[in-house]
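1. Return a 3D structure for these sequence lines:
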Amino acid sequence: MGEKQRREELEQRLHELERISCENLETFHEIFQSVNEFIFEHDEQGYFTSICPRFIGFLGYSREEMLRFNVRDLLLEKDPAQFQGYLDRLRKHSRDEGLIQLVTKAGRKRIVEHKNLLVVNADGTRTVRGIARDVTDVLETEQALVESEIRFRTILDSIEDGYFEVNLEGSFTFFNDAVPTHIGYSSEELLGLNYRQYMDEANSRRVFETFHKVFTTGTPTRSFDWELVKKDGTRIYVEASVSLQRNRNGEPIGFCGIIRDISERKRSEQELAYLAYHDALTGLHNRKAFLEKLDEVIKEARRHENERSILFIDLDHFKKVNDVYGHEIGDILLKEVAERLKGVLRETDYISRLGGDEFTVILDGSVNSKPERLAERILKCLATPYEMKGLRIDFVTPSIGMSTYPDDGHDAETLLKNADNAMYKAKETRNTFYRYGCAKPKVPALKVRRIR
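-> Predicted structure coming up:
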């Protein structure tokens, strides 16, 4: 029961007291036979003159004992000034109300809420009529709730994770201090903000589907992640748990959960994923990525019954670069080779560095793909002298081997092995290419040999 409601009820009881005489115990009993409040009268000196006959007493005294007491005998603090102040307020305002601490017969401290009126009797004498109620337990419960809420809020505001509550439409109704920090809005701006306002359509749809599942099943989701757009436009990744909120009647009223910024973790995961499939020096795909892609390409070619070719490229005399100029210059040259390959090939061609000075290319499977012409362009591009840090290196050229599905193999391992064999045949001459399994050259203008 709230303080306002308690005061209104005491006020109503007091008005009933004004309509009766406490000397008429029979009438007093009939009206208040079901009342548990302490209903009393005392004279202008504070001595009790009447007590509700049904009253047993939360103070532990009988009615007969109470009629021998003065109000000051019940006060926890026996300060005469406090008691005199109470009487002075009654004489000045004809009423007094509030909280006061009394002591029970057993010596326990109790908090009592009271409302008293100073009334003039028919004979001209003045009497104080009052009603009081023990509110110790209520106040202690309320205080415990307040303290619990304070502790709850203190804990929420001290954790790095965000705690949020939203209504069924997904608009914020409550959050701790971490949530505005995560999203970059002030608390005032964030209150009432709908989730669709700080994420793109794809992420909004994902959040909606999650909320909908929690709503329909009632089962919390322990962890899911999505991308948010902060107020300044930057994007962050967050991970959240979501539970359904219900009112006292068990009706759904919204959602609550914990939200955590996982941007650094996501970036680390993305970096690890990138490194797992890319060459750290050149940024090209690595051997693992090449083999997985080649296996995928072969399955697709088998399904559509078409051809796919791969090139195996090795740099002639590259060891000399490292021996003469050092590995730093060698690394710069390898990065330049990667850039030249990306410049001469199409975006749909899949370029990889297997390791050292070995590169591979999975050519686009379009009907206009002409492997020999692409090989010729690569020969011309990679044989052009390299200039770096004041040096001119003009002795590095490529040797290229080529194999084609399905003529030269039906699996990735066989195709790569045959392309590698063709490349080693090209190495015997250097600055040329061989196509595995072909008897006649298709590009007579090039220095080309074929092997079986």
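2. Show me where the stretch 301-450 of the chain has its strands.
-> Assigned by DSSP state E, counting those that start in this stretch, the stretch 301-450 of the chain shows strands spanning 308-316, 350-355, 358-362, 386-388, 391-393, 397-405, 433-436, 448-451.
3. With I253 as the reference, name the closest of these.
-> Of all those, strand 350-355 sits nearest to I253, with 53.0 Å by Cβ to Cβ. Where you see a C-beta, it was placed from the backbone N, CA and C, and this is true even at glycine.
4. Remind me what the closest one packs against, helices and strands.
-> helix 287-304, helix 327-344, strand 358-362 (3 or more Cβ pairs under 8 Å, 6 or more residues apart in numbering; DSSP states H and E).
5. Direction included, what does the last one pair up with?
-> Right, strand 358-362. strand 308-316 (antiparallel), strand 350-355 (antiparallel) (DSSP bridges).
6. Among those strands, which comes closest to V214?
-> With Cβ to Cβ as the yardstick, what comes closest out of the strands paired with strand 358-362 is strand 350-355 (41.8 Å).
7. Residues contacting the closest one, please?
-> With contacts defined as Cβ atoms under 8 Å, 6 or more residues apart in numbering, strand 350-355 is touched by 279, 281-282, 284-287, 289-290, 293, 297, 334, 338, 341-342, 345, 359-362.
8. Next, the angle helix 287-304 makes with that strand.
-> 140 degrees (axes from the mean of the first three to the mean of the last three Cα atoms, to 10 degrees).
9. and the closest residue in space to L382 that isn't next to it in sequence, bridged to which residues?
-> Closest residue to L382 apart from its sequence neighbours, by Cβ to Cβ, 6 or more residues apart in numbering: P398 at 4.3 Å. With DSSP bridges applied, P398 shows beta-bridge pairing to L315.
10. coming back round to it: buried subset of the contacts of strand 350-355?
-> Taking 16 or more other Cβ atoms under 10 Å as the criterion, what is buried in these is 279, 282, 284-287, 289-290, 293, 297, 334, 338, 341, 345, 359-362.
11. returning to that earlier point: the residue nearest to L382: neighbouring residues, count only.
-> Residues contacting P398 under the criterion other Cβ atoms under 10 Å number 28.
12. Hmm, K380 and it touching each other?
-> No. At 9.7 Å, P398 does not count as touching K380 under the criterion of Cβ atoms under 8 Å.
13. Among the helices and strands packed on strand 350-355, single out whichever gets nearest to D200.
-> helix 287-304 (28.4 Å).
14. Identify the bridge partners of S309.
-> Judged by DSSP bridges, the bridge partners of S309 are T404.
15. Could you list the low-confidence segments of the stretch 351-452 of the chain?
-> By pLDDT under 70, the low-scoring segments of the stretch 351-452 of the chain are 366-369, 437-452.
16. Run through the helices of the stretch 151-300 of the chain in chain order.
-> 178-183, 187-190, 201-217, 263-277, 287-304 (DSSP state H, counting those that start in this stretch).
17. Of those, flag the one that's most buried.
-> helix 178-183 (a mean of 20; mean count of other Cβ atoms under 10 Å).
18. Rebuild the helices and strands packed on strand 350-355 as CSV, extending it with distance to T404.
-> Converted to CSV, those look like this (distance: least, Cβ to Cβ, whole Å):
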stretch, distance to T404
helix 287-304, 10
helix 327-344, 19
strand 358-362, 11
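19. Out of those, which is closest to N121?
-> That would be helix 287-304 among the helices and strands packed on strand 350-355, by Cβ to Cβ, at 102.1 Å.
20. Next, the angle from the closest one to helix 263-277.
-> 70 degrees.
21. Can I get helix 287-304 in CSV, CA atoms only?
-> Extracted C-alpha coordinates of helix 287-304, given in CSV (Å, rounded to 0.1, in the frame of the first residue of the first chain):
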residue,chain,number,x,y,z
ARG,A,287,46.9,-22.8,-51.1
LYS,A,288,44.0,-23.8,-48.8
ALA,A,289,41.6,-21.4,-50.5
PHE,A,290,42.8,-22.5,-53.9
LEU,A,291,42.2,-26.2,-53.3
GLU,A,292,38.8,-25.6,-51.9
LYS,A,293,37.8,-23.3,-54.7
LEU,A,294,39.2,-25.7,-57.3
ASP,A,295,37.1,-28.5,-55.8
GLU,A,296,34.0,-26.3,-55.9
VAL,A,297,34.8,-25.3,-59.6
ILE,A,298,35.2,-28.9,-60.6
LYS,A,299,31.8,-29.9,-59.1
GLU,A,300,30.2,-27.0,-60.9
ALA,A,301,31.8,-27.9,-64.2
ARG,A,302,30.7,-31.5,-63.8
ARG,A,303,27.2,-30.4,-63.1
HIS,A,304,27.0,-28.1,-66.2
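22. That one vs strand 397-405, what angle?
-> Using the same axes, to 10 degrees, helix 287-304 lies at 40 degrees relative to strand 397-405.
23. re the thing from before, who wins for proximity to P252 among the helices and strands packed on strand 350-355?
-> Closest of the helices and strands packed on strand 350-355 to P252 is helix 287-304, at 45.3 Å (criterion: Cβ to Cβ).
24. Return the list of helices and strands in contact with that closest one.
-> helix 263-277, strand 308-316, strand 350-355, strand 358-362, strand 397-405, helix 412-427.
25. Make a markdown table out of the ones you listed and add distance to P385.
-> Below are these laid out as a markdown table (distance: least, Cβ to Cβ, whole Å):
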| stretch | distance to P385 |
| --- | --- |
| helix 263-277 | 32 |
| strand 308-316 | 13 |
| strand 350-355 | 21 |
| strand 358-362 | 19 |
| strand 397-405 | 10 |
| helix 412-427 | 20 |
